[in-house]
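Colleague: Below are the sequence and a predicted model; questions follow.
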Amino acid sequence: MSVLYALYSEPDDVQKAVDNLRKAGVPEREIVVISSEPIEEYEFSHRDKATWLYWIAGGGGALGLTFGTWLTRMTELAWPLPTGGMPIVAWWPNLIVMFELTMLGGILATVITLFITAKIPTRENTLYDRAVSDGKILVGVESPAEGARNAIEKALGAGFVGGR
Amino acid sequence: MKEATAKRIADDLLRPLLNTSWRFFLLVAILGAIVLTGASAWMYQVWNGFGESGKRWPVFWGFYITNFVFWIGISHAGTLISAILRLVNAGWRRPVTRCAEVITAFALMIGAMFPIIHLGRPWLFFWLMPYPNQRRIWPNFRSPLVWDFFAISTYLTGSVLFLVLPMIPDFALVRDKTTGVRRKFYGTLALGWQGTTKQWHRLESAMQIMAIAIIPVAVSVHTIVSFDFSMAPVPGWHSTIFGPYFVAGAIFSGIAALIIAMAGLRKFLHLEDYLHPVHFANLGKLLLMMSLLWTYFVFAERLTTWYGNGTSEMNVFWVTQTGSYSPLYWTMVICNFVIPFPILSLRRTRTVTGCVIASCSVVVGMWLERFLIVVPTLGHKYLPYSWGPYQPSKVEIMIMISTFAAMGLLYTLFAKFVPIISIWELKVGEHPFPIEAAAQVKEHAILRTNP
């Protein structure tokens, strides 16, 4: 995959570069902004914000609750243990196990979804520069269209570093 | 943020990872030796039998269960406080959260070891786990000990993930700042993190969900630990107040442990520029509030017992107020209320030193509280023929001391290999919010349609 990128010190310059890339006709999905910390104050960082993560976490919780209900009830029916005058399927104490498994389901679903959507772990990062860790902000274009190189270089302006 | 500021933050917080002094090796050697001694004491007990512990009829829960409850309580420092501060978006939390979350992970691991040590035959601990087996026996879900297994496992899993996820961007930073073996090591831990806007959004959303999920789990864990006692119809234990009383006590001791840990990091890693007196003052205020809340719970619990005047309840009551356990009881009151209250109430004494003194006092007081919950009750059950004393053995004392050393050792090693303050979160805290940028965000077409 070919890439072209620029490095900037100031977020204002990043915003201009992103706007210029849009004006140059670069599709939104091909523009990548990389920084060493989230920068919430600018529009460019608000791309890709929409997420299903909250719903998936809820779904994981529901799955955990179902599993907890099945595990406790099935176990108690399969090996009935009369305990302290309680019914064989004792919902009050079962609720504790069901609660813990609900929360565990939600937590695990969140983390798994994070890993999948953030595409980690990965060993192939074609678009990266170690200068990001020194505070620079990278703006790049992944797989630019044939013949668009000059327009992208112009849009990225003074921060243009090069590409692969 | 200015590059110079970013560089200064990274340099300061990566210094402990990149430079190692002889003091580090000396500390690790001392703490490691104590831990090894404790491990040897445990092996000695395993080899010679449970008689090497001080447990005799009628007190079969002694130091081990006291320490179990104590360490699970200490674990409430981190994740719970961190999660609450994240959700309310408290800016001052940034340098504090990781220091706190680490305490949770390690304290839970140490605490969870005690029921295994207490088993006598620790190699059979897996009998607690629910899985189909050739014994055709499944755990009884009506037992609080099985609830413990589920609660602690969930809390440990959640806490470790809550700690590890925000560490990934910092590992990427260390990867970029190092060379050779270190670069490979931290590169592996960074999981290929780039720092794209999408990755940041997903990480922040995940942390928010985790924070929401972990708070009720943390509360449930210590409530369930309290159920180990309150589900038994035993004088001094069978109380509806035990759940919230234990949770309050756990948060109380947890904050105290956090203050001590932060003071140690500040002093030995020279983090004065990041862990400011205001952080200690704020945590000191929280500690003061928890001291008052704990005192309220103790009063409510004791008053109810005294007013009810049940014979068996009063036997336990008087043995702690005026009997053989009264020196420990009143030391507990002094440590948890009399000492911290004035220190933390006055702004003049709510300094770093003042908060550390109050916190040390609270840690001692809360350990005594756990001991006083466990032992006097077991030694004074319904009928006088079943009364008896408890004297901890050298093995129990050594194992207890070694767990404090283990906590110190794990914390020291963690601070050596991982930035103990979240670098990227600290950088976010340094962001100004430019008026022009705010206007730009407001006016931008994409945000208008998709806020």
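Modeller: Great, that's in hand. Numbering: from 1, shown residues only, chains lettered A, B, ... in the order given.

Colleague: Show me where chain A has its helices.
Modeller: For chain A, applying DSSP state H gives helices covering A:11-23, A:53-78, A:91-117, A:149-156.

Colleague: tell me the most buried of the ones you listed?
Modeller: helix A:91-117 (a mean of 21; mean count of other CB atoms under 10 Å in any protein chain shown). (Each C-beta comes from the backbone N, C-alpha and C, glycine too.)

Colleague: hang on, the earlier thing: so can I have TSV of the helices of chain A showing mean pLDDT and distance to chain B?
Modeller: Output for the helices of chain A, formatted as TSV (pLDDT from 0 to 100; distance: least, CB to the nearest CB, whole Å):
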stretch	mean pLDDT	distance to chain B
helix A:11-23	92	7
helix A:53-78	94	5
helix A:91-117	96	4
helix A:149-156	88	17
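
Colleague: Tell me who's in contact with residue 38.
Modeller: If you meant another chain, say so; for now it's chain A. A:45, B:197, B:200-201, B:204, B:424, B:428 (CB atoms under 8 Å, 6 or more residues apart in numbering or on different chains).

Colleague: wait, I meant chain B there
Modeller: B:398-399, B:401-403, B:405-406.

Colleague: Next secondary structure after the helix or strand harbouring it?
Modeller: Using DSSP states H and E, the element containing B:Gly38 is helix B:22-48. For helix B:22-48, the succeeding helix or strand toward the C-terminus, using DSSP H and E, is helix B:63-74.

Colleague: now check that next one, is it near chain A?
Modeller: No - Helix B:63-74 is not in contact with chain A by CB under 8 Å from any CB of the partner chain; minimum separation 14.5 Å.

Colleague: For that helix, list every residue counted as buried.
Modeller: B:63-74 (16 or more other CB atoms under 10 Å in any protein chain shown).

Colleague: what's the residue sitting nearest the centre point of chain A in contact with, if anything?
Modeller: Central residue of chain A (CA atoms, centre = their mean): A:Ala118, 3.6 Å from the mean position. Shown in contact with A:Ala118 (CB under 8 Å, 6+ apart): B:198-199, B:202-203.

Colleague: distance of the residue positioned nearest the centre of chain B from B:Phe229?
Modeller: A centroid search over chain B (CA atoms, centre = their mean) returns B:Ser75, at 1.8 Å, as the residue closest to the centre. According to CB to CB, to the nearest Å, B:Ser75 and B:Phe229 sit 18 Å apart.

Colleague: any chance of the contacts of A:Ala118 in JSON lines, plus distance to chain A?
Modeller: Output for these, formatted as JSON lines (distance: CB to the nearest CB, whole Å):
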{"residue": "B:Lys198", "distance to chain A": "4"}
{"residue": "B:Gln199", "distance to chain A": "4"}
{"residue": "B:Arg202", "distance to chain A": "4"}
{"residue": "B:Leu203", "distance to chain A": "7"}
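
Colleague: Which of those residues ranks first by neighbour count?
Modeller: B:Arg202 (24 neighbours; other CB atoms under 10 Å in any protein chain shown).

Colleague: State the phi and psi torsions of the nearest residue to that one once chain neighbours are set aside.
Modeller: Closest residue to B:Arg202 apart from its sequence neighbours, by CB to CB, 6 or more residues apart in numbering or on different chains: A:Ala118 at 4.5 Å. In terms of degrees, to the nearest 10, the main-chain angles of A:Ala118 are phi -90, psi 0.

Colleague: what's the answer for the one 5 residues further on, then?
Modeller: The main-chain torsion angles of A:Arg123 are listed as degrees, to the nearest 10 and equal phi -110, psi -10.

Colleague: my read: it touches B:Trp193, true?
Modeller: No - contact criterion CB atoms under 8 Å: A:Arg123 and B:Trp193 do not qualify, at 11.8 Å.
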